[in-house]
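*Asks:* fold the following and give me the result.
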Amino acid sequence: MKSDTLYSNYVGITAILSDTLDWGVDDINAEHVWGNAEDATDIDDENVYTGNGIVIAIIDTGISKTSGNVHSEFTGKIVAEISIINQVTGSDASDGNGHGTHCAGVISARDNDAGIIGVAPESELLIAKVLTDSGYLYTTDDIADAIKWAVDEGADIISMSIRTGGDYEAVHNEITDAYQAGVVLVAASGNQNDDELNYPARYYEVISVGAIDDEHERSLWAGGKGSNYDVLLDVVAPGTDIYSTWTNNGYETTSGTSMATPHVAGLCALMLEAQSILTPTQVRDILRITATDLGDVGKDDEYGYGEVHAVKAVDAAELYFTDTDSDDITDAYEKYVYDTDPNDSDSDDDGLNDGYEINTSLTDPNDSDCDNDGLTDGQEVNTYSTDPWDSDSDNDGCPDKWEIDNNFNPNVANGALDPDDDDLRNIDEYYIGTDPNDDDTDGDDIIDGDEVYWNLDPLDDSDADDDNDGDGYTNEEEINGIYDSQLGETFYTNPNEEDTDGDNFTDYEELNPRRGPHTDPTDPDDHPPTWP
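*Replies:* Model (predicted):
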């Protein structure tokens, strides 16, 4: 069974004068964690995490040795090693292939002023050789045995740049046991350019890792190869043209999701050093919430939650159990999920605790008025029992704030009521801008409904004294009625039409004739005699 490897054309460099920071280690910002600077190639002495005290098991092709001595980048790092090939166990995990050694360098190459420096340069290693020097896996039982061995030897993390070719119960059982024992498991998504991850990356208990290139695109390689993807993908990391350790104490550049996986495994070591009580589930959670989003906005099949970010992940690990402002949201989640202030329990000053908004009212802790109705979310929840996501809680056409300001119950539909008897419903008064409790909002002696009906402005008290139709009567007189003492009757005429009844006599002429009796200005059959 072929291992999950993909090699590019190698650019061999067997010796360099100082540590090299590969683009992958740099791209996930690991050097900021242990070097406190961009492009650092040496461990700083203060306030850093290096993976110290964290043991990472690498299940692969072994570790390179020359004349019995392990590659110089790993001197003093190997806690234990084992070879399990076709169920034959041995004590020598020498790597004649290079794949396992390459992965080990990405994870843990030490700060020795030569060669390269890894993501977690002071982490320790357990080496389990399950692949032959040709890269073949004889039986999945070898992987199952290697996982159990790693757990028994005290591994904190198991890195698997391998594939099993399917779902094997023996492997899954050991993975489940490791997961339940608190071991973080990381595996490669695969290099077949398929829309389905390989096993063991597909297992729930395993952090699945895809590969990206230096343009932050999903890695694609010659021969139709590419980083596998699907909905189960957790994160991505650099996996194209990665420079790391190789056989014969050398260094090579190669590509694959196999190369992306150790970036994540090394980062997990930094996180566990920062917060040793993290569970595997919590480690994965932190990787997800701190990843740099790539591809489609949010989680997607090709990039999962995005590219891992060492600085953010380690910071979130430190803050994961801290709640500085006691709002029931950890500082890590405030900083990396909700973008709230971890030092202020009410980030938007709306009267609701951030934790309450996130977990109970389901409002936005960074928006004090989610429905833009003029009431803070706190007022809606605590004072008025209205819906903070609905500006019109009772669906009567009148916003909650307007109803409250006008002494109506925002939870009882009253848009169709007319409490001031001005012939305008509350909903009409809301849209017009008049006072629903005052029939004459502008105080011009014309009720609001009449002003609206006759196309006057109920918010302008000056138009009552205007004479829109030029018939000699003010708008207020025509609307409220002109009393004629001769006829003993009040007439209501059109303030916009000088001849209300269309009898060719203006309203004024009918009520003030030059001769003859006064006539009804609203009756076309009642009009003065023709004037000479």
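
*Asks:* okay, domains of this structure per the record?
*Replies:* Domain assignment of the chain by automatic domain parsing yields the ranges 23-319, 469-532.

*Asks:* quick one, which of those domains is nearest to Ser347?
*Replies:* Evaluated over the domains of the chain, closeness to Ser347 peaks at domain 23-319, with 15.9 Å, by CB to CB. To be clear about C-beta, it is placed using only N, CA and C from the backbone, and glycine gets the same treatment.

*Asks:* pull up the distance across that closest one, start to finish.
*Replies:* Start and end residues of domain 23-319 are separated by 28 Å (CA to CA, to the nearest Å).

*Asks:* off-centre distance for that domain?
*Replies:* Distance of domain 23-319 from the chain centroid (CA atoms, centre = their mean, to the nearest Å) equals 26 Å.

*Asks:* which one, of the domains of the chain, ends up nearest to Tyr453?
*Replies:* domain 469-532 (8.6 Å).

*Asks:* tell me how far Ala416 lies from Asp95.
*Replies:* Computed with CB to CB, to the nearest Å, the distance linking Ala416 and Asp95 is 82 Å.

*Asks:* who has more neighbours out of the two?
*Replies:* Asp95 (26 against 12; other CB atoms under 10 Å).

*Asks:* for the more buried one, which residues are in contact?
*Replies:* Listed by CB atoms under 8 Å, 6 or more residues apart in numbering, the contact partners of Asp95 are 60-65, 101, 129, 133, 247.

*Asks:* residues in contact with stretch 288-298?
*Replies:* Here stretch 288-298 has contacts from 212, 216, 218, 234-236, 299, 302-309, 312-313, 315-316, 332-333, 336-337, using CB under 8 Å, 6+ apart.

*Asks:* among these, which are in strands?
*Replies:* Those of the contacts of stretch 288-298 mapping onto strands are 212, 235-236, per DSSP state E.

*Asks:* so can I have JSON lines of those residues showing distance to Asp469 and neighbour count?
*Replies:* Shown next, in JSON lines, are the ones in strands among the contacts of stretch 288-298 (distance: CB to CB, whole Å; neighbours: other CB atoms under 10 Å):
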{"residue": "Ile212", "distance to Asp469": "77", "neighbour count": "25"}
{"residue": "Val235", "distance to Asp469": "77", "neighbour count": "30"}
{"residue": "Val236", "distance to Asp469": "76", "neighbour count": "33"}
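
*Asks:* with respect to Tyr49, which of the residues you listed is nearest?
*Replies:* Among the ones in strands among the contacts of stretch 288-298, and counting by CB to CB, the member closest to Tyr49 is Val235, at 19.0 Å.

*Asks:* need the pLDDT of the closest one.
*Replies:* Note for Val235: predicted pLDDT of 99.

*Asks:* by mean pLDDT, show me the worst of the domains of the chain.
*Replies:* domain 469-532 (a mean of 91).

*Asks:* closest one of the contacts of Asp95 to Asp387?
*Replies:* Asp60 (56.4 Å).

*Asks:* that closest one against Arg163, yeah?
*Replies:* No - Asp60 sits out of contact with Arg163 when judged by CB atoms under 8 Å, with a separation of 11.7 Å.

*Asks:* quick one: which of these two has more around it?
*Replies:* A direct count of neighbours by other CB under 10 Å for Asp60 and Arg163 places Asp60 higher, at 32 against 29.

*Asks:* nearest residue to the more buried one in space, please, no chain neighbours.
*Replies:* Gly100 (3.2 Å; CB to CB, 6 or more residues apart in numbering).

*Asks:* quick one: the helices in the stretch 351-500 of the chain?
*Replies:* Along the stretch 351-500 of the chain, the segments classed as helices by DSSP state H, counting those that start in this stretch run 354-356, 377-378, 400-405, 426-432, 448-453, 475-480.

*Asks:* can I get the ones you listed in a markdown table including distance to Glu510 and mean neighbour count?
*Replies:* Below are the helices of the stretch 351-500 of the chain laid out as a markdown table (distance: least, CB to CB, whole Å; neighbours: other CB atoms under 10 Å):
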| stretch | distance to Glu510 | mean neighbour count |
| --- | --- | --- |
| helix 354-356 | 70 | 23 |
| helix 377-378 | 61 | 24 |
| helix 400-405 | 44 | 21 |
| helix 426-432 | 33 | 19 |
| helix 448-453 | 21 | 22 |
| helix 475-480 | 13 | 21 |
